[in-house]
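1. Requesting a structural model of the entry that follows:
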Amino acid sequence: MTYESNRLITYVAPAGAVGNSDFTVRVRQGQGEWRQLFSYNVKVDMHDVRNASMVYFDCDGEVEVEVIKNEGEIRDAAIRPVAWGIDSVINENRVTFTMDGPRKLSLEVNGERFHNLHIFANPVEDGSPMQDDPGVLVIAPGKHQTEDLQRLITPEVSVIYFDAGIHVLDQPQFRLPSGMTVYVAGGAVVYGAFICDHVRDVTIRGRGIVYMSDFEKTTYYRAVEITFSEHVTVEGIIVIDPPHYTVLIGSSRHIAIRNIKSFSTRGWSDGIDMMASAHVDIDDVFLRTSDDCIAIYGSRWNYQGDTRDIIIRNSVLWADVAHPMNVGGHGNHEKGDIVENILFENIDVLEHHEPQPYYWGCMSINCGDNNTVRNVTYRNIRIEPFELGQLIDIRVLFNPKYNPCPGFRIENIYFDEITFNGTCDNPSCIAGFDESRYVKGVKFRNLRINHRHILSPASGNIRIGEFAHDIKFT
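-> A predicted model of the protein is given here:
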């Protein structure tokens, strides 16, 4: 069930949804009626798994938010990303604030980042399917035999519509045919995963949840797998605790990932990983993961070939483990792959915590397996104080745990309008491997650390190692 006005849509959680009672959350527009939101439980941080809270709704325009801390007073409250500049009013155990439109926010009371409240205000959906549209197969809540669902897919069916409620897929991996749209309605929770293998023109969208906490880690299920496919879109859904990646993209082309939100706590539970793929557009995502938020590789496993033309923009990355942004680690070591033409733009990094020094770096290019990584741009990246790691790691390297041989080259890396405000004693690093396996052409424009314009490696605590050439600051 949903409640909506012209500009505010809220969703009733299904009976049996896993909730969190830390906060009571209400929203309204103008002087309209307050609407209470269901607070879902989301697990965070593999190092020490804890329970945080999450609410979601859709809006167009300004929304007032009221949050009550159900135990104890609120001494202070932080709303992140800080770049949005959202101020709050605190009164004992109550905090209120106003957002000017759709936002993905973390509310942290009394300095608490691990039992915090995630607030996802989606844009109002455009062109979503209706249950009575031609070609729509409506799936009522319940336990489903996945094979039975697949048998219901006839040439006349173009949309599989998971209605509000809890859906349990007995064979969790639901394989989708070409030309199909899967719609997970707001208020729906699907215990399962979606597979797009050797298909094209597939869309997975909605406002509901793909819930994976009950699957064993050793299943290595991903919420969405896109392999050997073209023209696939994933939009709007929330993913909770996948055993492996949130989205795998392998040997695929023309992929769009928009407005997805994800939380993970398992080993290797990256956010979005891509291998041997091209023309991938990732926009407006929130990834709080216990391994890399975004990883871009060449060849890996059955997915062989170069990777190029990748855009990640307008997003929030929170790496409780490993890197927010990682490029270049895997490839075909016998011949080497090209990983090129990558843009990270308008990104807020809320955390980077990695105990192993070899895997540090908010912005990391670790080039292995004879790969060449070139033409990578980081533009308008805002990095907030993080727990453990380093700001930048650009290396041609040999990592014997993952790489049979070192990388080949890193060329033409551009950092434009990067800001970091916080403390990090670990120096950033730019280094090649040997005389032929080098880094060349790293340019910084308006790098600012703690409000200082960095115009030299020393002033930015950046170590320039051997075999690194043409490093410039302006």
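
2. From Leu176, how far out is Asp201?
-> According to C-beta to C-beta, to the nearest Å, Asp201 stands 11 Å off from Leu176. C-betas here are computed from N, CA, C, even on glycine.

3. Looking at the two now, which is surrounded by more residues?
-> Set side by side, Asp201 and Leu176 show more neighbours around Leu176, with 22 against 15, by other C-beta atoms under 10 Å.

4. and that one, what does it touch?
-> Contacts for Leu176 (C-beta atoms under 8 Å, 6 or more residues apart in numbering) come out as Val182, Phe194, Ile195, Cys196, Val199, Val202, Ile204.

5. Ramachandran angles for it?
-> Phi and psi for Leu176, reported as degrees, to the nearest 10, are phi -110, psi 140.

6. Check the one 3 residues further on too.
-> Main-chain torsions, Gly179, degrees, to the nearest 10: phi 80, psi 10.

7. you'd agree it is up against Asp201?
-> Yes - between Gly179 and Asp201 there is a contact at 5.1 Å, judged by C-beta atoms under 8 Å.

8. Tabulate the contacts of Leu176 (TSV), appending secondary structure.
-> Below are the contacts of Leu176 laid out as TSV (DSSP: H, G, I helix; E, B strand; the rest coil):
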residue	secondary structure
Val182	strand
Phe194	strand
Ile195	strand
Cys196	strand
Val199	coil
Val202	strand
Ile204	strand
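
9. show me where pLDDT drops low in the stretch 351-474 of the chain?
-> Counting by pLDDT under 70, the stretch 351-474 of the chain contains no low-confidence range.

10. Please enumerate the strands of it.
-> Ranges of strands in the stretch 351-474 of the chain, per DSSP state E, counting those that start in this stretch, are 363-367, 372-383, 392-396, 409-420, 428-431, 439-449, 452-453, 462-464, 468-473.

11. Looking at the ones you listed, which is nearest to Ala83?
-> Nearest of the strands of the stretch 351-474 of the chain to Ala83, taken as C-beta to C-beta: strand 372-383 at 5.1 Å.

12. Dump the C-alpha coordinates for the closest one into PDB.
-> Taking C-alpha atoms only, strand 372-383 is exported to PDB below (Å, rounded to 0.1, in the frame of the first residue of the first chain):
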ATOM      1  CA  THR A 372      47.200  -0.600 -19.300                       C
ATOM      2  CA  VAL A 373      45.000   1.900 -17.400                       C
ATOM      3  CA  ARG A 374      44.600   5.200 -19.200                       C
ATOM      4  CA  ASN A 375      42.400   8.300 -19.500                       C
ATOM      5  CA  VAL A 376      40.800   8.300 -16.000                       C
ATOM      6  CA  THR A 377      39.300  11.500 -14.700                       C
ATOM      7  CA  TYR A 378      38.200  12.200 -11.100                       C
ATOM      8  CA  ARG A 379      36.200  15.500 -11.100                       C
ATOM      9  CA  ASN A 380      34.400  17.200  -8.300                       C
ATOM     10  CA  ILE A 381      35.100  14.500  -5.600                       C
ATOM     11  CA  ARG A 382      34.400  15.500  -2.000                       C
ATOM     12  CA  ILE A 383      36.000  13.200   0.600                       C
END
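
13. now the helices for the stretch 51-200 of the chain?
-> With DSSP state H, counting those that start in this stretch, the ranges of helices along the stretch 51-200 of the chain come out as 146-151.

14. if we can go back for a sec, of the strands of the stretch 351-474 of the chain, give the one that comes closest to Ala256.
-> Ala256 sits nearest to strand 372-383 of all the strands of the stretch 351-474 of the chain, at 19.7 Å, using C-beta to C-beta.

15. Looks to me like His254 is in a strand.
-> Yes - counting by three-state DSSP, His254 falls inside a strand.

16. That one and Arg200: what is the separation?
-> Separation of His254 from Arg200 (C-beta to C-beta): 9 Å.

17. which residues do these two both contact?
-> Overlap between the contact sets of His254 and Arg200, as judged by C-beta under 8 Å, 6+ apart, is given by Glu230, His231, Val232.

18. ok, the residue lying closest to Gly135 once chain neighbours are set aside - how many residues close by?
-> Closest residue to Gly135 apart from its sequence neighbours, by C-beta to C-beta, 6 or more residues apart in numbering: Ser158 at 3.8 Å. Look at Ser158: counted by other C-beta under 10 Å, it has 16 neighbours.

19. Look up phi and psi at Ser158.
-> Torsion angles, degrees, to the nearest 10, at Ser158: phi -120, psi -10.

20. dump the residue contacts of it.
-> Neighbouring residues of Ser158 by C-beta under 8 Å, 6+ apart: Gly135, Val136, Gly179, Met180, Thr181.

21. now Ile312
-> Under the criterion of C-beta under 8 Å, 6+ apart, the contact list for Ile312 reads Ile282, Asp283, Ile294, Met325, Ile342, Leu343, Phe344, Glu345, Ile347.

22. For those, give me a markdown table that also has pLDDT, neighbour count and distance to Arg313.
-> Formatted as a markdown table, these follow (pLDDT from 0 to 100; neighbours: other C-beta atoms under 10 Å; distance: C-beta to C-beta, whole Å):
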| residue | pLDDT | neighbour count | distance to Arg313 |
| --- | --- | --- | --- |
| Ile282 | 99 | 25 | 7 |
| Asp283 | 98 | 17 | 6 |
| Ile294 | 98 | 26 | 11 |
| Met325 | 98 | 25 | 12 |
| Ile342 | 98 | 25 | 11 |
| Leu343 | 99 | 16 | 7 |
| Phe344 | 99 | 25 | 7 |
| Glu345 | 98 | 17 | 4 |
| Ile347 | 98 | 26 | 7 |
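
23. Out of the residues you listed, list just those in strands.
-> Counting by DSSP state E, the part of the contacts of Ile312 found in strands is Ile282, Asp283, Ile294, Met325, Ile342, Leu343, Phe344, Glu345, Ile347.

24. could those residues go into a markdown table alongside distance to Asp393?
-> Output for the ones in strands among the contacts of Ile312, formatted as a markdown table (distance: C-beta to C-beta, whole Å):
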| residue | distance to Asp393 |
| --- | --- |
| Ile282 | 21 |
| Asp283 | 25 |
| Ile294 | 15 |
| Met325 | 10 |
| Ile342 | 16 |
| Leu343 | 19 |
| Phe344 | 14 |
| Glu345 | 20 |
| Ile347 | 16 |
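
25. hmm, back to that, so can I have JSON lines of the contacts of Ser158 showing neighbour count and pLDDT?
-> Listed next are these as JSON lines, based on neighbours: other C-beta atoms under 10 Å; pLDDT from 0 to 100:
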{"residue": "Gly135", "neighbour count": "12", "pLDDT": "97"}
{"residue": "Val136", "neighbour count": "16", "pLDDT": "98"}
{"residue": "Gly179", "neighbour count": "13", "pLDDT": "98"}
{"residue": "Met180", "neighbour count": "19", "pLDDT": "98"}
{"residue": "Thr181", "neighbour count": "21", "pLDDT": "98"}
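
26. Ser290: what's its closest spatial neighbour, skipping adjacent residues?
-> Met46 (3.6 Å).

27. That neighbour and His115, how far apart?
-> Distance of Met46 to His115, given as C-beta to C-beta: 16 Å.
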